[in-house]
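# here you go, sequence then predicted model.
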Amino acid sequence: MQLYVQRLLGGDATVLPLILYTIGEYSSSFSALAPWEKSLYQHLVKLLLVAGKHLKNDTHNITQSVAIEHGALAQRILCTAFLRGGDTAAEVCRSLLQVGIKGCREMCLDRYIDVSPGILEHVLQFVLFLTKLFHVRPSDILTGRESNQRAEHAGRAHTLSPSVPAQWGFSENSRLESSGNGIVPRRSNHRRWRDLPGKPSYVPSRQNPMYSDREGEGYWIPPQFPTPVLAFARKFGIGCEPHLPNLSVSFLPTTLLGSGASEDPHFTVRSPSIVASRRLMEARNFEQQGDSLFSRYLSNGLLLIWGSVVAFNGLENFTTNFESESGSTFSDAFFFSPIVLTPPIPVVSMTCGAKSCHVVTVENKVYSCGSNEHGQLGCGQSKEIPLFFPRIYGDGHQCFYHVPLCSEDRIVKVEAGSEFVVAVIRERNQMYFWGGNGCGQCLLPKSKTVSRPVMVDVPNEYGQIKEVACGSVFAAVLFSDGKIGMWGKDSMLGETFSSEKLCDTETGTGTKCAKLTIVSKPIEGEIVALRAGPFHCIAITSAGHAYSWGVDRSGSLGHGTGHSGNKIQRIESLANHVVIDASCGSFHSAVLTRDGIVLVFGENTCGQLGLRGEAPRTTPEPLPLPKPAIAVSCGREHTCVLLEDGDIMSCGTVRSCGMGLGYGARFNIPQRNFWSYLLLSMASKSIHGMAVGLPRSLSLHPVGASNGIVSTDELRRLKQTILRQGVRTVAAGNGFLFVVTVAGEVQAIGQSQRGQLGIGDTTIPCTDTFKKVAFPERVVLCAVDCGADYAIGLSSHCGVYSWGWNSHGQLGHGDSVPLHESLFTPREIKALRWREVTQVACGGTFAVALTQDGEVYTWGESLYCGHPRVVAPCLTTPMLLEGLKDVVAVAAGVSHAVALSYDHRIYAWGRGPLGNGGSCNTIECTPVALKFAHCVRQLGCGPFNTFAITDLGELFVWGLNDHGQCGVHHCEGPPPSWDEKLNSHTDRKQERRQRHATSSSEVLFPTHVAHGVRDAAFGASCGILIWEDGSSAVSGEIHQDGKKVLFHRFTPQRLAMTSRHQNKEGNSSHVLGKESSPVFFSRCFGGFDMLFVLLEWERPSATEVAGAICNMKACLHSPRTASGGVEKKEKRNV
């Protein structure tokens, strides 16, 4: 193979068919990346670009024919190599991402479709691969309308395409390999297009005779469901409506019903009446302009803070002996989950220092909180009376101190360095400085600290100030004429300056610094943005080029290895991307492109890059995101990305990214965060962050009957709580249910004869109304999980509490609670008090706990605890599972458990099927590693199965499938995924093994069932998934309309609104269609015999979110906006 590659690199393209054949054989035998592969894939991409240049000419000649032949072979080789997974797939993706979407368009893939129909299917498969890689539509890559239609149709198809032409080295009986370990046998397709019949037919048919909209003649296509059935129903009436699973919704949020309900006291403006009137005036002003979303923010906007407590309360208010239930210093020092505040005046801009936070309100006033060790609060040592930002949950508040600036100065930009702050005045070359000045950061000659703002003049011969960026001991300013002014420590200035421009620092270490603005033009292009971290800086030009300088630790500058950061240099590896924004962490960076792609580079020891492993990346690599990004913010240990729909995805440590406890220890794949909020802006620094936004309108609904535990009236009451407090998690046991709100309130309902609910009442065997769990005073719950007849909760200070039946010691209290006894109120597990537990998972009779250090503890029925040398049948206290290290997430079913390591290895133990080929009769007493090559974003368990969602949104499921709950048909096996279509070569032995696995009621290996998945959950007999577009599907046995309905595969759910009064036709429900208020399936939760889904009502579009963000930024520049419309109104009256 290496000889073929050398010939290809030497210009001999005749070896392409041999490479295609050989790499197919190579893929089935090897998994490691060969030394020649990187050069091969990069050369193939360049070959496609060269072929694209030849194909741009409309005239047909021999050169174009050769270009088409070579290009088609190159596409096939790339697709075949991608399906190897692991490092090979990553290298293929990296080679394509280097050219970007623009480069893919220059490949002129339309011409392959128009000129040579014989290779149509392979070109469409390559286009489909690119759309999944870049998260774009085919129209972003193809230019022709007909080509786009064909690509869209190929993306919707669910059957396999015809075999590969024999001249490419494959026979007609080529086979396909799954992207996981499951192998799907090839199925022939002999169906053609067929028009809708002229009249309805009630004759049963073996196959569905209807298909999707007609797009062409003579093409083999698969049957589509339910699209043709719905089209048939529209043509012939509601009597032909298909039997799709319904999600019955018995109520809607008050805003959608139009009734005038009283205002929620938690969302009222807690401020003096004059300020409240100002907020309402501002809201009405923007509502009249057509921006209802920003109007809502001005009237009811929230501020979220998370991470280091010192950054918000200061060192003087932080004590290590804080009275908490766990006594853990680690837990006391951080807000793991965001603290939600109600600003009395809307916040329109914010920035973070190393130990402080700063906000700018719509009234153009600056407020600070956090440590004042170096005067970075700007309010002096005495501190004026603070402005209180009340917490939306509880009676606490956050103190923000007003920074005394001249009221006539219009502040358009506030930027914080590690220990100092800069405020830029509008249309004046003057800036306010305060904070640390040891290296001249505040442009003052002698003072070491500046406790109150000082105005400093900046040279005005270079134009107005456009941007300012602050690091730890340096700062840079951008002028309108394109020049950059820099000051601070000499090694951070990006250039070497003469000694006349430098002086000694105030630190006494002999370090040189610049205490005057040194102006230069180091870059030829027009600079439009400056971004700085503590130790490096990035400049962005109007052409989308990125330049960096500073400390090049672990590749944080993006120049690869062997480069010095003393000089400003262009990041050449970003040459094929148009960069529009960037963010600098301590030793890593992230850039945002015009296409919404985020590329990261630098240190990755904490997972802050969101990429596999701990190895640093010296050149930019793309961050796997489900949707285009619009903003990015980096801290020391984390990265936050704002998506176009207002969701935030975070990666990094649990203490800094705001994910909260209960989800894992570290997140080296971006995870959705702050599910209950729509966010418009964010800021990060060090190990804390801030964001502003709005609460989403959410409601919780059961899928199917869910055992009828929760009545309609209780759901209505729960709706009010959820609208007010949001939902953190939902957990279900055998006949009982817990709902945990964002405020930490825990509501329980269902069976209680064994203390499962933890409400403290020993006389109530069952309750049909929600009751509060009786936690000790000062305990705020973050997460809860349920076993068969017990539950375990995790508090905000890492305390672990258990209650319920102690049949096998699963409560973890040792001899203090005898076996087969019950606890009716939560009690802390003392053995875990100092372990810094970040996640718990409950099996049927055993439990698992994960610590901050990646250690796993298990206890309960020893058969399922994973310990090799345990003789006793029960472990009554937590015991370290020594076989697992560096674990980041755990999950448990009734009799099995799984763990995900930092390098994305999945370990499983207990009763099968575990995903390693063992059946339900197999028990693995110790953890075994599964063969799974993908990066895992979410790992979870149903009672009898396991699922994994990859970083690209692919859903894999394995385990018991007796009711079809895995979404895998008993006989036919799983439906092929989008990447399964790309492969046509697999191992016969694995194919026979998978065919045997899927022909029974067990799925023995991880099997792909869906792509583009946002969330998933599984019960004992059914499963549910939610796609990224907000739609949902169910599989398995669903209780609906008083009977059981079986769906062998994931079938789309429709939303049915039920009312108390029947309509004229006698029906008590109707389907919410396009004319109804938009409904978005946001999250789903599973349990022993229950499934629940969280719906969002009136979810704003990406355009609305972008408009609100633009209006927020405009508030800093428009004085009329800041006055809440007062000045505008007066001018109109004149």
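Done, it's in.
# can you give me the strands in the stretch 801-950 of the chain?
Using DSSP state E, counting those that start in this stretch, the strands found in the stretch 801-950 of the chain span residues 822-828, 837-842, 846-851, 856-861, 874-880, 887-892, 896-901, 906-911, 923-929, 936-941, 945-950.
# no no, the stretch 1-150 of the chain
Taking DSSP E, counting those that start in this stretch as the criterion, the stretch 1-150 of the chain contains no strands.
# surely Pro343 touches Phe388?
No - taking CB atoms under 8 Å as the definition, Pro343 is not a contact partner of Phe388, at 9.9 Å. In short, each C-beta sits where N, CA and C put it, glycine included.
# between these two, who's got more neighbours?
In terms of neighbours (other CB atoms under 10 Å), Pro343 is the more surrounded of Pro343 and Phe388; the figures are 25 against 17.
# quick check: closest non-adjacent residue to Val936.
In this structure, Val936 finds its nearest non-sequential neighbour in Ala948, 5.0 Å apart by CB to CB, 6 or more residues apart in numbering.
# what sits against the one you found?
The contact partners of Ala948, by CB atoms under 8 Å, 6 or more residues apart in numbering, come to Ile906, Phe932, His934, Val936, Gln938, Leu939, Gly940, Leu955, Phe956, Pro1006.
# switch those over to JSON lines; also include pLDDT and distance to Lys830.
Output for the contacts of Ala948, formatted as JSON lines (pLDDT from 0 to 100; distance: CB to CB, whole Å):
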{"residue": "Ile906", "pLDDT": "96", "distance to Lys830": "31"}
{"residue": "Phe932", "pLDDT": "91", "distance to Lys830": "37"}
{"residue": "His934", "pLDDT": "91", "distance to Lys830": "39"}
{"residue": "Val936", "pLDDT": "95", "distance to Lys830": "33"}
{"residue": "Gln938", "pLDDT": "96", "distance to Lys830": "31"}
{"residue": "Leu939", "pLDDT": "97", "distance to Lys830": "29"}
{"residue": "Gly940", "pLDDT": "96", "distance to Lys830": "29"}
{"residue": "Leu955", "pLDDT": "96", "distance to Lys830": "39"}
{"residue": "Phe956", "pLDDT": "96", "distance to Lys830": "38"}
{"residue": "Pro1006", "pLDDT": "94", "distance to Lys830": "38"}
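# who wins on neighbours among the residues you listed?
Top of those by neighbour number is Phe956, holding 30 neighbours under the definition other CB under 10 Å.
# residue contacts, that residue?
Contact analysis of Phe956 by CB under 8 Å, 6+ apart lists Gly180, Gly182, Phe932, His934, Phe947, Ala948, Ile949, Thr950, Pro1006, Thr1007, His1008, Val1009.
# just the closest of those residues to Val528, please.
Of all the contacts of Phe956, Val528 sits closest to Thr950, with 36.1 Å by CB to CB.
# correct me, but that closest one touches His934?
Yes - using CB under 8 Å, Thr950 is in contact with His934, at 4.2 Å.
# select the helix or strand of the chain having the lowest average pLDDT value.
Comparing every helix and strand of the chain by mean pLDDT, DSSP states H and E singles out helix 1126-1133 as the least confident one, with a mean of 36.
# before we move on, back to that, between the strands of the stretch 801-950 of the chain, which gets nearest to Leu794?
The stretch from the strands of the stretch 801-950 of the chain with the least distance to Leu794 (CB to CB) is strand 837-842; that distance is 5.4 Å.
# specify the angle between the closest one and strand 846-851 in degrees.
Angle of strand 837-842 versus strand 846-851, following axes from the mean of the first three to the mean of the last three CA atoms, to 10 degrees, is 170 degrees.
# other residues contacting the strand or helix carrying Cys640?
Taking DSSP states H and E as the definition, Cys640 sits inside strand 638-643. Identification of contacts with strand 638-643 by CB under 8 Å, 6+ apart yields 583, 585, 588, 590, 598, 600, 606, 608-610, 623, 625-634, 648-653, 656-658, 670, 673, 679, 681-682, 684, 687, 689, 691.
# partner strands of that strand and their direction?
Next to strand 638-643 in the sheet, as set by DSSP bridges, lie strand 629-634 (antiparallel), strand 648-653 (antiparallel).
# output that strand as CSV, restricted to C-alpha atoms.
Coordinates of the C-alpha atoms in strand 638-643 are reproduced here as CSV (Å, rounded to 0.1, in the frame of the first residue of the first chain):
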residue,chain,number,x,y,z
HIS,A,638,-13.2,25.2,30.2
THR,A,639,-14.7,26.4,27.0
CYS,A,640,-18.2,27.6,26.4
VAL,A,641,-19.9,27.9,23.0
LEU,A,642,-23.1,29.7,22.4
LEU,A,643,-25.2,28.1,19.6
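# centre of the chain versus it, how much separation?
Average the C-alpha atoms of strand 638-643, do the same for its chain, and the two points are 8 Å apart (CA atoms, centre = their mean, to the nearest Å).
# I'd like the mean pLDDT over it, please.
In this model, strand 638-643 has a mean pLDDT of 97.
# in the sheet, who's paired with Lys771?
Using DSSP bridges, the beta-bridge partners of Lys771 come out as Ala748.
# residues touching it, list them.
The contact partners of Lys771, by CB under 8 Å, 6+ apart, come to Gln747, Ala748, Ile749, Leu757, Ile759.
# with neighbour count added, can I get the residues you listed in JSON lines?
Below are these laid out as JSON lines (neighbours: other CB atoms under 10 Å):
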{"residue": "Gln747", "neighbour count": "21"}
{"residue": "Ala748", "neighbour count": "23"}
{"residue": "Ile749", "neighbour count": "22"}
{"residue": "Leu757", "neighbour count": "32"}
{"residue": "Ile759", "neighbour count": "21"}
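# got those residues as CSV, with distance to Glu924 columns?
Putting the contacts of Lys771 into CSV (distance: CB to CB, whole Å) gives the following:
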residue, distance to Glu924
Gln747, 37
Ala748, 34
Ile749, 35
Leu757, 33
Ile759, 37
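# follow-up on the earlier one: check the strands paired with strand 638-643 for me and report the most buried one.
Mean neighbour count (mean count of other CB atoms under 10 Å) peaks for strand 648-653 among the strands paired with strand 638-643, with a mean of 27.
# distance between that strand and the chain's centre?
For strand 648-653, the separation from the chain centroid amounts to 7 Å (computed by CA atoms, centre = their mean).
# next, the angle strand 936-941 makes with that strand.
Regarding strand 648-653 and strand 936-941, their directions subtend 90 degrees when assessed with the same axes, to 10 degrees.
# other residues contacting strand 648-653?
The set of residues external to strand 648-653 that reach it, using CB under 8 Å, 6+ apart, is 606-610, 623, 625, 635, 637-643, 657-659, 666-674, 679, 682, 687, 691.
# buried subset of these, written for ChimeraX?
In ChimeraX, this line selects whichever of those come out buried by 16 or more other CB atoms under 10 Å:
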select :606,607,608,609,610,623,625,635,637,638,639,640,641,642,643,657,658,659,666,667,668,669,670,671,672,673,674,679,682,687,691
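# in strands, which of the contacts of strand 648-653 appear?
Assignment to strands by DSSP state E places the following of the contacts of strand 648-653 there: 638-643, 666-673, 679, 682, 691.
# isn't Phe770 right up against Val739?
Yes - when contacts are counted by CB under 8 Å, Phe770 is listed as touching Val739 (7.4 Å).
# more crowded one of these two?
The neighbour comparison of Phe770 against Val739 (other CB under 10 Å) goes to Val739, with 25 against 20.
# and that one, how close does it get to Leu130?
The gap separating Val739 from Leu130 is 42 Å, by CB to CB, to the nearest Å.
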